[in-house]
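K.L.:
Here's my sequence, what's the structure:
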Amino acid sequence: MKKILSVLLSIIIALTSLSTGFVAFADTDDFVTEPIPLEAQTELSRYAEKQMKNAGEYLVKNTYDISTLSAVDFLTLLNSGYDMSAYTEGFVSSLKTNLEKNNGKLFVEGTEWYQDSETKEWKSYSYSYEDIGYYGAAIIILEKLGYNPESFEGYNIVSAFESIDLEKDNSNPYYYRVAIEAAKGDFAKTLCDNLISKYYVTGSGLNYWGFSCDNTAHFLASISEYKNEYKDYVEDAKKVIKTYTKKNGAFADNTYVTEVNPDSTALAMMAFASVGDVETAFTYYKNLVEGFEGKTGVFKYNNEDNLYATKDALLALEYFKTAVEAQGFEHPEEVLKTTVTKATTKKNGKITKTCVICEKSTKTTIYYPKTIKLSSTKYTYSGKTIKPRITVISSNKKTISADNYTVKFSSNTKVGTAKATITFKGNYSGSVTKTFAINPKATSISKLSSPKAKQIKVNWKKQSTQTSGYQIQLATDKSFSKNKKLVTVSGSKATSKTVKSLKANKKYYVRVRTFKTVDGKKYYSGWSAAKTVKTKK
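P.N.:
Okay, the predicted model is just below:
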């Protein structure tokens, strides 16, 4: 999992790997599951069973080397309902080899590589030790396969398990769960006490490389079989886990993994299911499925199918399904998977929500963005970037929230044609580009005179910034429709122009505007206020 805490845990788990060293053999009939009859299951239980089987299949097919799995992981796969018969003989053989090598005891053995912090050289070390998780998983697996762990190949694995010196034991606390499940009578409670004394801090949870939702969830599942004897710790652990809970699931810790994720959500579900609080477990289950399940039983991290997320979900589903079946619990509300057909810029889309359990579905139309308006399509140059307000109207005449699109402006400072590109996101796809004009600043008439008959001299204020020239319009009426004349003056530095060939002794209305030529196109300012002058006789 691409999470810092999970990376830390994976390093530790690697160091304490419960490798079985098994290889694949031909099919065997040793392991036969006997699931609860379908008619006795609730709809929720049936779907959880399907999820577990599919998760097991996904994990087996996507694990590079099954033989490197820990006994604990093998047990999880065995409990998934997926057919593990091709691997059971290999596992049994690996146990026998380990017992023979270690005089009737089970040792975790392997080699780890690390990079020297000073020399940067890669070095290795070998390890070999007894681990309560290895023993616990091995005992449960053998029992499931029909073997007697007290007399397996001439060895009493249970006796060896109970003889471990817990004062010196440094087993991964996550594996106390299977060890306590495998233990009998007083030894089980001894393991519970050892787990509590070594790792549990009241009010904070299980301390394993820090405190986290995941740590405390494993702790609660570990002592769940003896919840009545450890009521105070059960209630405390439940409270701690809830502090790592948000509306849409659970997160790992308050420092490194603060976002809701599938692993923590699944393990929180496992914790509450393990102590029979199936209603609370269901809230996490709903979060897990709706937020992270892709294909049935396969869970995602960062929107990609993920082995670690699926493995934790499979483990949690085992506890959840057991609690659901024990209480005949049915889903109190729909657990929805949502599929979205995005609306384009031309066509409506739809959202389909289907309950994965009862398969009821509803469809909602996503109305496409039919009309896109700018607050204005004409602006005056100001030297600053210009960004019109965008309004998007859907095909059902509703305003589409700006959360559903981004706007990128270009060429929106100088005089010319600017662009606003609206790119849709979320439940929408596609983009639309709208244009708007940035026109030059206007000018004003400073003086009008008639130096000679049939002539008018126009003086105006210079407007040299983003200007190519000026236009002068004259007419004998204020609507500029009679005897009109238009004169163009090139160059922004000009401030006057004498217009000839007019009518003598006639009142003229005069106005002026600026223009700028960009890529062969003229952009005009607004006209100045009109002024009047009478030509000489």
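K.L.:
Quick check: the nearest residue to residue 347 once chain neighbours are set aside vs residue 395, distance?
P.N.:
Nearest non-adjacent residue to residue 347, counting by C-beta to C-beta, 6 or more residues apart in numbering: residue 368, 5.7 Å away. Glycine gets a C-beta too; all of them are placed from N, C-alpha and C. Between residue 368 and residue 395 the distance is 5 Å, computed by C-beta to C-beta, to the nearest Å.
K.L.:
higher neighbour count, these two?
P.N.:
residue 368 (21 against 16; other C-beta atoms under 10 Å).
K.L.:
Now do the contacts for the more buried one.
P.N.:
Going by C-beta atoms under 8 Å, 6 or more residues apart in numbering, residue 368 touches 343-349, 394-395, 428.
K.L.:
JSON lines please, covering the residues you listed and showing pLDDT, secondary structure and distance to residue 290.
P.N.:
Formatted as JSON lines, the contacts of residue 368 follow (pLDDT from 0 to 100; DSSP: H, G, I helix; E, B strand; the rest coil; distance: C-beta to C-beta, whole Å):
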{"residue": "343", "pLDDT": "98", "secondary structure": "strand", "distance to residue 290": "22"}
{"residue": "344", "pLDDT": "98", "secondary structure": "coil", "distance to residue 290": "26"}
{"residue": "345", "pLDDT": "97", "secondary structure": "coil", "distance to residue 290": "29"}
{"residue": "346", "pLDDT": "97", "secondary structure": "coil", "distance to residue 290": "31"}
{"residue": "347", "pLDDT": "98", "secondary structure": "coil", "distance to residue 290": "27"}
{"residue": "348", "pLDDT": "98", "secondary structure": "coil", "distance to residue 290": "24"}
{"residue": "349", "pLDDT": "98", "secondary structure": "strand", "distance to residue 290": "20"}
{"residue": "394", "pLDDT": "98", "secondary structure": "strand", "distance to residue 290": "26"}
{"residue": "395", "pLDDT": "97", "secondary structure": "coil", "distance to residue 290": "29"}
{"residue": "428", "pLDDT": "98", "secondary structure": "strand", "distance to residue 290": "22"}
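K.L.:
between these, which has the most around it?
P.N.:
residue 343 (26 neighbours).
K.L.:
who does the residue nearest to it when sequence neighbours are not counted bridge with?
P.N.:
Sequence neighbours aside, residue 349 is the residue nearest to residue 343 in space, at 3.5 Å (criterion: C-beta to C-beta, 6+ apart). Under DSSP bridges, the beta-bridge partners of residue 349 are residue 366.
K.L.:
Residue 349 contacts residue 364, correct?
P.N.:
No: at 9.5 Å, residue 349 and residue 364 do not qualify as touching, with contact defined as C-beta atoms under 8 Å.
K.L.:
List the residues that contact residue 180.
P.N.:
Per C-beta under 8 Å, 6+ apart, neighbours of residue 180: 136, 188, 191-192, 195, 222-223, 225-226.
K.L.:
any chance of these in JSON lines, plus pLDDT, neighbour count and distance to residue 502?
P.N.:
Output for those, formatted as JSON lines (pLDDT from 0 to 100; neighbours: other C-beta atoms under 10 Å; distance: C-beta to C-beta, whole Å):
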{"residue": "136", "pLDDT": "97", "neighbour count": "26", "distance to residue 502": "109"}
{"residue": "188", "pLDDT": "97", "neighbour count": "17", "distance to residue 502": "113"}
{"residue": "191", "pLDDT": "97", "neighbour count": "27", "distance to residue 502": "111"}
{"residue": "192", "pLDDT": "97", "neighbour count": "23", "distance to residue 502": "109"}
{"residue": "195", "pLDDT": "97", "neighbour count": "24", "distance to residue 502": "106"}
{"residue": "222", "pLDDT": "98", "neighbour count": "29", "distance to residue 502": "103"}
{"residue": "223", "pLDDT": "98", "neighbour count": "26", "distance to residue 502": "105"}
{"residue": "225", "pLDDT": "96", "neighbour count": "18", "distance to residue 502": "108"}
{"residue": "226", "pLDDT": "97", "neighbour count": "16", "distance to residue 502": "110"}
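K.L.:
so how far is the first residue of stretch 118-134 from its last?
P.N.:
With C-alpha to C-alpha, to the nearest Å as the measure, the ends of stretch 118-134 fall 35 Å from one another.
K.L.:
Where does the residue nearest to residue 183 when sequence neighbours are not counted fall, secondary structure wise?
P.N.:
The shortest distance from residue 183 to any non-neighbouring residue, by C-beta to C-beta, 6+ apart, is to residue 191 (5.6 Å). Residue 191 belongs to helix 185-199 when elements are defined using DSSP states H and E.
K.L.:
Tell me if residue 216 really is in a strand.
P.N.:
No: read with DSSP: H, G, I helix; E, B strand; the rest coil, residue 216 is helix and lies in no strand.
K.L.:
Start from the N-terminal end of the stretch 1-150 of the chain and give the strands.
P.N.:
108-115, 122-129 (DSSP state E, counting those that start in this stretch).
K.L.:
Ok, the stretch 401-537 of the chain next?
P.N.:
405-410, 416-424, 431-439, 445-449, 456-460, 469-475, 485-490, 496-499, 507-518, 521-524, 531-534.
K.L.:
how about the ones you listed in JSON lines, adding mean pLDDT and mean neighbour count?
P.N.:
JSON lines is the format used below for the strands of the stretch 401-537 of the chain (pLDDT from 0 to 100; neighbours: other C-beta atoms under 10 Å):
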{"stretch": "strand 405-410", "mean pLDDT": "98", "mean neighbour count": "14"}
{"stretch": "strand 416-424", "mean pLDDT": "98", "mean neighbour count": "18"}
{"stretch": "strand 431-439", "mean pLDDT": "98", "mean neighbour count": "16"}
{"stretch": "strand 445-449", "mean pLDDT": "97", "mean neighbour count": "15"}
{"stretch": "strand 456-460", "mean pLDDT": "98", "mean neighbour count": "20"}
{"stretch": "strand 469-475", "mean pLDDT": "98", "mean neighbour count": "20"}
{"stretch": "strand 485-490", "mean pLDDT": "97", "mean neighbour count": "14"}
{"stretch": "strand 496-499", "mean pLDDT": "97", "mean neighbour count": "16"}
{"stretch": "strand 507-518", "mean pLDDT": "98", "mean neighbour count": "20"}
{"stretch": "strand 521-524", "mean pLDDT": "97", "mean neighbour count": "15"}
{"stretch": "strand 531-534", "mean pLDDT": "97", "mean neighbour count": "14"}
